[in-house]
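[1] here is a sequence with its predicted model. Questions after.
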Amino acid sequence: MPSRAPADTDTRDQDAAVTAMLEARSIALVGASARPGSLGARMVAQVARSPSRPRTYLVNPRYAEIDGQPCLPRLADVPAPVDLVLLAVPDTALEEQLGQAASRGDRSAIIFGYALDLPAADGLKNRLAAIATSAGMAMCGPACMGYLNVARGLRAVGYLEPDPVPAGPVALITHSGSVWFALNRARRGFGFSLLVSSGQELVTTTAAYARYALQLPETKVLALVLEAIRDAAELRSVLRSAQARDVPVVLLSAGGSETGKAMVSAHSGALAAADGAWEALAGAYGIHRVRDLAELADTLELFSVGQHGSGRRAAPGAGIATVHDSGLERAHVADLAAELNVPFAPIGQTTAGRLAAVLEPGLTPANPLDAWGSGRDAEPLFAECLSAMAADPAVAAVALAVDLVPELDDDQSYPQAVLTAASGTIKPVAVLAGLPAAVDPVAAARLRAGGVPVLEGTRSGLLALRHLLDHAAPADPPPPAARPAPPPQAARPAPPPQAARPAGPPGPAPADPQSARRQRWAPVLAEGRLSGAVLLDLLRDYGIPAVRARAVCTRAGAVAAAAEIGYPVVVKTDEPRIAHKSDVGGVRLGLGDPEAVGAAYDDLAARLGPRVLVCQTAAPGTELALGITRDPALGSLLVISAGGLLIEILAERAVLLAPVTRSAALAALHRLRLAAVLAGARGQPAADLGAIADTTVALSSLASDLGDMLDALDINPLICGPSGAVAADVLAVPRPWNLDAGRAMLSRQVST
């Protein structure tokens, strides 16, 4: 049998430690206390309420016993290694206690405290991580609430929680203890298989908890509330697994990547800053991103409640249907749905006829539907309207859009109508409430118990319905992430600016085109001599059409280059220190003769320096910007935005995770408002979207080969027209360590 790779062994050992923690059969409670209200007392009480009844050992030298259970003075006195150690001790004692646990062979630990660095003894977090990692321990925290493994009946927390914790299909992993508390106590229409408050994740990360959660048969929905991407490779692997198993992943992210904030020379980095990494990650794996807790709760409820639940997919291209008791609220919902891009289904003639048969005169059978009239026989009327909508093939989900206020005469027409409609269809039937504070909790509880989601806000509920529709058209699985190639071990001098192609490496070229291209271009990037002509050659080598260009440093050279390329030409500064040429008046367009070229050169050389680029004039078209930027966690991201002078005015962009598929590139283009321009606005010719997508895929290949050597690369503008897409200018920002390494290699080469 072949030996297991070290990486596989590490993952297997980590999974075993995480399972030991989350399904602990033996627990040592260090810092156990009899003082009411203390962390140690709450910890003891919560573990004791675990249905799985783990074997527990109380540890605290201040007590001989707590509530009749013996209390040991030291962790060392626990007779055998345990699966889990709970550390309710001051930060000053953390290192010693965790070290004891590691030396005993205990499998895992939870640190509730913040593990703050102490005066004259900083680096505590690093030391704690090193202790646990070297011992192969899983570790939750620091600064966490612990976990509730509802599926396996284990409560490892230091805070009082409801009893019982609602069981259900949602596995929640959150960096925020407050969110953990809020969702556990919200009493919405969903329950949990697992709730983990993972805190600062010094050792065990979200990916490890999620991998465990996906192995639980009870888990049908994965909810992530994260402020940072840790262990990106493992997280991507887990998300790929969730996608393959059709487990919806709902993500609320806070904060964002710092990528690009310091990159004043590259637009792609600035555009991808804030949450570009989250956008790229979500797009690659079909994650449902939510923007606040209200949208998170409504989306989880819609994916979880009733027989439609997780994995129930709408027909592709389907829309929603809503039934109302107010004409104004009907119009309000329609307006908001249009703003949020939530489509209403076009109902068929059969459905319209069925509605017309029960509506009062003057009411129009349409979607969305105002069915109120005089309000007579509300229960059968609304039940039939909802059932008719649900039976329409174009309808994916139906909602009764009412405020669900408490009825002072105890009228139950609305809840009963919804329950009746829901019982006759496998499609989701929900209540879409407008004002959370007005929702009748008794009616809501009855509906939820009957398998009807109650969405507690018009905006958040419509967004939840859009997530349900999006789940009908899952994203293509992304290609496997490319492993970063090692830095070049040897380098040839970069070609002079005038060269049309870089010289190849000595000896026969490798058979693998990817390897061959990396070997050609890695030394060029490492040296840092990145003339515009060389970079345009780089693009062409990856199959990206680019204008012909010549780098020159004399007036005569500029005139000769223009004659070779063919008039009209563009002359622009090629000085390395100038990133944005237009900002300094460094571009001259439409030069039609030698005199114009000579005059342009004289002006640019006098003001900006002698290095210029003489370029072919591209055919007119819509200008895009296409770039690569580097995220510290995820690696290379692709950024698509408006180009030319509009790049800073229209800050809209799409961010994709490399490598990018053609279908993903096309979907990203269609998400941009600029798509209407590319399609041919106001009689202008439509751009070739397929060519733009192919260019994006080609740039993705470049990023996979060379992304580890680049902080950013911008194609701006990429001129897009009916005959294709052409790169007219390109800027690259090499990673600083590559410059240092490249210069050192070149120095060694010269000395030998």
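    Good, I have the coordinates.

[2] which SS class is Thr133?
    With DSSP: H, G, I helix; E, B strand; the rest coil as the basis, Thr133 sits in helix.

[3] spatially, what comes nearest to it if we skip its sequence neighbours?
    Nearest residue to Thr133 in three dimensions, chain neighbours excluded: Val203, at 5.9 Å (Cβ to Cβ, 6 or more residues apart in numbering). In this view, the C-beta of every residue, glycine as well, is placed from N, C-alpha and C.

[4] quick check: Leu713 touching Ile628?
    Yes - using Cβ atoms under 8 Å, Leu713 is in contact with Ile628, at 4.4 Å.

[5] can you show me the strands along the stretch 1-150 of the chain?
    Ranges of strands in the stretch 1-150 of the chain, per DSSP state E, counting those that start in this stretch, are 26-30, 55-59, 65-66, 69-72, 84-87, 108-111, 138-140, 146-149.

[6] and Asp231, which of the ones you listed is closest to it?
    strand 138-140 (13.1 Å; Cβ to Cβ).

[7] partner strands of that closest one, parallel or antiparallel?
    Sheet pairing of strand 138-140 (DSSP bridges) gives strand 108-111 (parallel).

[8] pLDDT weak spots in the chain?
    For the chain, the stretches with pLDDT under 70 are 1-9, 120-121, 255-274, 306-316, 474-477, 479-514, 529, 645-651, 737-752.

[9] against Tyr567, how distant is the residue of it positioned farthest from its centre?
    Taking Cα atoms, centre = their mean, the residue of the chain most remote from its mean C-alpha position is Glu595, at 53.5 Å. Glu595 sits at a distance of 11 Å from Tyr567 (criterion: Cβ to Cβ, to the nearest Å).

[10] for Gln97, same thing?
    Distance, Gln97 to Tyr567, using Cβ to Cβ: 79 Å.

[11] neighbour count: these two, which is higher?
    Higher neighbour count among Gln97 and Tyr567: Gln97, with 22 against 15, using other Cβ atoms under 10 Å.

[12] for Ala396, helix, strand, or coil?
    strand.

[13] my guess is it meets Ala318, correct?
    Yes - assessed by Cβ under 8 Å, Ala396 is found in contact with Ala318 at 3.7 Å.

[14] need the overlap of contacts for those two.
    Both Ala396 and Ala318 are contacted by Ala345, Leu469, Ala472, under the criterion Cβ atoms under 8 Å, 6 or more residues apart in numbering.

[15] as CSV, those with secondary structure, distance to Pro248 and neighbour count would be great.
    As requested, these are exported to CSV (DSSP: H, G, I helix; E, B strand; the rest coil; distance: Cβ to Cβ, whole Å; neighbours: other Cβ atoms under 10 Å):
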residue, secondary structure, distance to Pro248, neighbour count
Ala345, coil, 21, 23
Leu469, helix, 12, 22
Ala472, coil, 11, 14
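
[16] tell me which of those residues is nearest to Val612?
    The closest of these, once distances to Val612 are taken by Cβ to Cβ, is Leu469, at 52.5 Å.

[17] quick one: the residue farthest from the centre of the chain and Thr425, what's the gap?
    Taking Cβ to Cβ, one finds Glu595 at 77 Å from Thr425.

[18] part of a helix, is Leu604?
    Yes - under three-state DSSP, Leu604 sits within a helix.

[19] that one: neighbouring residues, count only.
    Counted with other Cβ under 10 Å, the neighbours of Leu604 add up to 26.

[20] how much space between the closest residue to Ala605 other than its chain neighbours and Arg548?
    Sequence neighbours aside, Val612 is the residue nearest to Ala605 in space, at 7.1 Å (criterion: Cβ to Cβ, 6+ apart). Going from Val612 to Arg548 by Cβ to Cβ gives 15 Å.

[21] mind checking which of the two has more residues around it?
    Legend: neighbour count by other Cβ under 10 Å for Val612 and Arg548, higher for Val612 (29 against 16).

[22] I'd say that one and Val570 touch.
    No - using Cβ under 8 Å, Val612 is not in contact with Val570, being 10.1 Å away.

[23] ok, back up a step: so Ala396 and Ala318 - more neighbours on which side?
    Counted by other Cβ under 10 Å, Ala396 and Ala318 do not tie: Ala396 has more neighbours, with 27 against 21.

[24] what's the residue nearest to Ala605 in contact with, if anything?
    With contact taken as Cβ under 8 Å, 6+ apart, Val612 is in contact with Ala551, Val552, Cys553, Ala558, Val571, Lys572, Thr573, Asp574, Tyr601, Leu604, Ala605.

[25] could I get the helix or strand encompassing the residue farthest from the centre of the chain in CSV with only the CA atoms?
    In the assignment (DSSP states H and E), Glu595 maps to helix 594-607. Taking Å, rounded to 0.1, in the frame of the first residue of the first chain, the C-alpha atoms of helix 594-607 are listed here in CSV:
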residue,chain,number,x,y,z
PRO,A,594,6.6,61.8,-38.4
GLU,A,595,6.3,65.5,-37.4
ALA,A,596,3.5,64.8,-34.9
VAL,A,597,5.5,61.8,-33.5
GLY,A,598,8.6,63.9,-33.2
ALA,A,599,6.8,66.8,-31.5
ALA,A,600,5.1,64.4,-29.1
TYR,A,601,8.4,62.8,-28.2
ASP,A,602,10.1,66.1,-27.6
ASP,A,603,7.3,67.2,-25.2
LEU,A,604,7.3,63.9,-23.2
ALA,A,605,11.1,63.7,-23.0
ALA,A,606,11.4,67.3,-21.8
ARG,A,607,8.7,66.9,-19.1
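
[26] which residue sits closest to Ala378, ignoring its sequence neighbours?
    Using Cβ to Cβ, 6+ apart and skipping residues adjacent in sequence, the residue nearest Ala378 is Ser413, 4.1 Å away.

[27] what ranges does the stretch 501-650 of the chain have for its helices?
    Along the stretch 501-650 of the chain, the stretches classed as helices by DSSP state H, counting those that start in this stretch are 513-527, 532-541, 555-565, 594-607.

[28] format those helices as JSON lines; extra columns: distance to Arg245.
    What follows is the helices of the stretch 501-650 of the chain, written out as JSON lines (distance: least, Cβ to Cβ, whole Å):
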{"stretch": "helix 513-527", "distance to Arg245": "31"}
{"stretch": "helix 532-541", "distance to Arg245": "39"}
{"stretch": "helix 555-565", "distance to Arg245": "55"}
{"stretch": "helix 594-607", "distance to Arg245": "59"}
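
[29] deepest of those helices, which one?
    Neighbour counts (mean count of other Cβ atoms under 10 Å) averaged over each of the helices of the stretch 501-650 of the chain peak at helix 532-541, with a mean of 23.

[30] remind me what it packs against, helices and strands.
    On a contact count with 3 or more Cβ pairs under 8 Å, 6 or more residues apart in numbering; DSSP states H and E, helix 532-541 meets helix 513-527, strand 549-552, helix 689-706, strand 730-734.
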